[in-house]
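S.K.: Got a predicted structure here, sequence first:
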Amino acid sequence: MILKIKRGIYALDLPSRAKAVYLYLCDRADGDGMCFPAHKTIAADLGISLSTVKRAVADLERAGCLEKTARYYAKNGRRSNLYKL
């Protein structure tokens, strides 16, 4: 499924930031299409701002390309998001 969407991402009417973040997430996803890199990690690895990553993730959610679920530590608040592609 990821490979099919990965190839088709270019045909979608999405900003280049969203396509770059999507391909980044595809590269890090497991066999079930799941991954959980932090926004700061994505931004650093792609050389873009944290705000740009957040906008890209929102773009991808609106387009139906990924589902985002917040992950939490047992006692100390929020961790990274879990992405399902």
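M.R.: The structure has been received and is ready for your questions. Here the structure is a predicted model, which is why all the values come from computation and not from measurement.
S.K.: helix/strand/coil for Asn81?
M.R.: Here Asn81 is recorded as strand under DSSP: H, G, I helix; E, B strand; the rest coil.
S.K.: And the pLDDT at it?
M.R.: Asn81 carries a pLDDT value of 90.
S.K.: so what's it up against?
M.R.: Neighbouring residues of Asn81 by Cβ atoms under 8 Å, 6 or more residues apart in numbering: 36, 38-39, 57, 68-71. Yep, even glycine has a C-beta here, placed from its N, CA and C like the rest.
S.K.: Return the distance of it relative to Ala43.
M.R.: Distance of Asn81 to Ala43, computed by Cβ to Cβ, to the nearest Å: 13 Å.
S.K.: go on, Gly77?
M.R.: For Gly77, the distance to Ala43 equals 20 Å [Cβ to Cβ].
S.K.: hmm, back to that, of the contacts of Asn81, which is the nearest to Leu85?
M.R.: Using Cβ to Cβ, Lys68 comes nearest to Leu85 of the contacts of Asn81, at 10.6 Å.
S.K.: Am I right that that closest one sits in a helix?
M.R.: No - secondary structure of Lys68 (three-state DSSP): strand, not part of a helix.
S.K.: bridging residues for the residue lying closest to it once chain neighbours are set aside?
M.R.: The shortest distance from Lys68 to any non-neighbouring residue, by Cβ to Cβ, 6 or more residues apart in numbering, is to Asn81 (4.9 Å). Beta-bridge pairing for Asn81 (DSSP bridges): Ala70.
S.K.: nearest spatial neighbour of Ala20, skipping sequence neighbours?
M.R.: For Ala20, the closest residue by Cβ to Cβ, 6+ apart turns out to be Leu46, at 5.9 Å.
S.K.: picking that back up, let's have the contacts of Asn81 in CSV, adding distance to Asp27.
M.R.: Putting these into CSV (distance: Cβ to Cβ, whole Å) gives the following:
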residue, distance to Asp27
Phe36, 13
Ala38, 15
His39, 16
Val57, 16
Lys68, 17
Thr69, 20
Ala70, 22
Arg71, 20
